[in-house]
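> sharing a model that was predicted from the sequence below.
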Amino acid sequence: MFNSTLSQIAKVSLAAAVLMGASVSAHADTLIPADLTSNIEQNISAQMQDMMQVAQRELSMSLQAQLSDAMFEADAADETQLAKEKNEQAITSAMVKE
């Protein structure tokens, strides 16, 4: 009788230990994907922010280059126009009116 009671207690304890172990491992299994998902989301967010900063920098540099090219072309066109006007003034001023 003592052995059967001890055997039943051992079986119940073993079953409880197995159930607790299964519960803890199941809880750990849900924690691991949650942590993994959180880490992946943080990494993606950091990479997206870096990519946006790089894209903003490249866009700014591209706009500055285009603006400086346009200003240089406008300056060159103005100089050409001024040179033409000076030549025309020189020619017209050399003429004698009658």
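Good, I have the coordinates.
> could you pull out the helices for the protein?
2-94 (DSSP state H).
> quick check: which ranges of it have low pLDDT?
1-3, 22-32, 87-98 (pLDDT under 70).
> ok, 80 please
Low-confidence segments of the chain, defined by pLDDT under 80: 1-8, 10, 12-35, 75-98.
> how far away is M48 from E41?
From M48 over to E41 the distance is 10 Å, taken as Cβ to Cβ, to the nearest Å. Just so you know, the C-beta spots here come from the backbone N, C-alpha and C atoms, and that holds for glycine as well.
> for D78, same thing?
In terms of Cβ to Cβ, D78 sits 55 Å off from E41.
> now swap in L63 and tell me
Counting by Cβ to Cβ - L63 and E41 are separated by 33 Å.
> got it, and V18?
From V18 to E41 the distance is 35 Å (Cβ to Cβ).
> swap in S62?
Distance from S62 to E41, by Cβ to Cβ: 31 Å.
> what of A15?
A15 is 39 Å from E41, by Cβ to Cβ.
> could you do Q49 as well?
With Cβ to Cβ as the criterion, Q49 and E41 are 13 Å apart.
> again, but for T80
Applying Cβ to Cβ to T80 and E41 gives a distance of 58 Å.
> swap in S60?
For S60, the distance to E41 - Cβ to Cβ - is 29 Å.
> likewise for M51?
15 Å.
> again, but for S4
55 Å.
> equivalent analysis for A77, please.
53 Å.
> next one: S7
For S7 relative to E41 (Cβ to Cβ), the value is 51 Å.
> kindly report the same for R57.
For R57, the distance to E41 - Cβ to Cβ - is 25 Å.
> could you do K86 as well?
67 Å.
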